[in-house]
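Student: Structure, please.
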Amino acid sequence: MHIGQIIYALRREKGLTQEALALAAETATSNLSRIEKGQRRPSGALLERLASALETSVTAIYASLEGVQEGDTRNTNEPVHATDFSRDVIQLRQCFRELSPENKRLTLEFVQMLRRLQQ
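Tutor: Down below sits the predicted model:
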């Protein structure tokens, strides 16, 4: 996993286009595209601007890259996997946020039941 994948996932979760994020971070869209593809690494200054535009911190981006979730003390032994940033998982998180609290609870129960059935 590379830092561009984290930036891509955060951008998609926020519903931003590459153009919108590039504009907010004061960089070229082509530069952002290369970063997201892993062809280029952002400078420290650009990473700070990207983090700000994504409403997160550089620390949180690096924590995700290293496989930990910043500030999450509930389950620190469970790493973040590359699949946590797949298109399907990003879409699932976006949809989940839009559910009512009751439907979120029901969704979690359903997913836990599916996991038990698979074992």
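
Student: what bits of the protein have low per-residue confidence?
Tutor: 67-85 (pLDDT under 70).

Student: domain assignment for it?
Tutor: 3-81, 86-119 (automatic domain parsing).

Student: which of those domains sits most buried?
Tutor: Each of those was scored by mean neighbour count; the highest is domain 3-81, a mean of 16, by mean count of other C-beta atoms under 10 Å. Where you see a C-beta, it was placed from the backbone N, CA and C, and this is true even at glycine.

Student: what comes into contact with the helix or strand hosting residue 109?
Tutor: In this structure, residue 109 sits in helix 101-118 according to DSSP states H and E. For helix 101-118, the surrounding residues in contact (C-beta atoms under 8 Å, 6 or more residues apart in numbering) are 96, 99.

Student: how about the CA coordinates for it, as PDB?
Tutor: In PDB, the C-alpha atoms belonging to helix 101-118 read as follows (Å, rounded to 0.1, in the frame of the first residue of the first chain):
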ATOM      1  CA  PRO A 101     -28.800   5.000  13.700                       C
ATOM      2  CA  GLU A 102     -31.300   2.100  13.800                       C
ATOM      3  CA  ASN A 103     -30.400   1.000  10.300                       C
ATOM      4  CA  LYS A 104     -26.700   1.200  11.100                       C
ATOM      5  CA  ARG A 105     -27.200  -1.100  14.100                       C
ATOM      6  CA  LEU A 106     -29.200  -3.500  11.900                       C
ATOM      7  CA  THR A 107     -26.500  -3.400   9.200                       C
ATOM      8  CA  LEU A 108     -23.800  -4.300  11.700                       C
ATOM      9  CA  GLU A 109     -25.900  -7.200  13.100                       C
ATOM     10  CA  PHE A 110     -26.400  -8.500   9.500                       C
ATOM     11  CA  VAL A 111     -22.700  -8.300   8.600                       C
ATOM     12  CA  GLN A 112     -21.800 -10.100  11.900                       C
ATOM     13  CA  MET A 113     -24.300 -12.800  11.100                       C
ATOM     14  CA  LEU A 114     -22.900 -13.200   7.600                       C
ATOM     15  CA  ARG A 115     -19.400 -13.500   9.000                       C
ATOM     16  CA  ARG A 116     -20.500 -16.200  11.500                       C
ATOM     17  CA  LEU A 117     -22.100 -18.100   8.600                       C
ATOM     18  CA  GLN A 118     -18.900 -18.100   6.600                       C
END
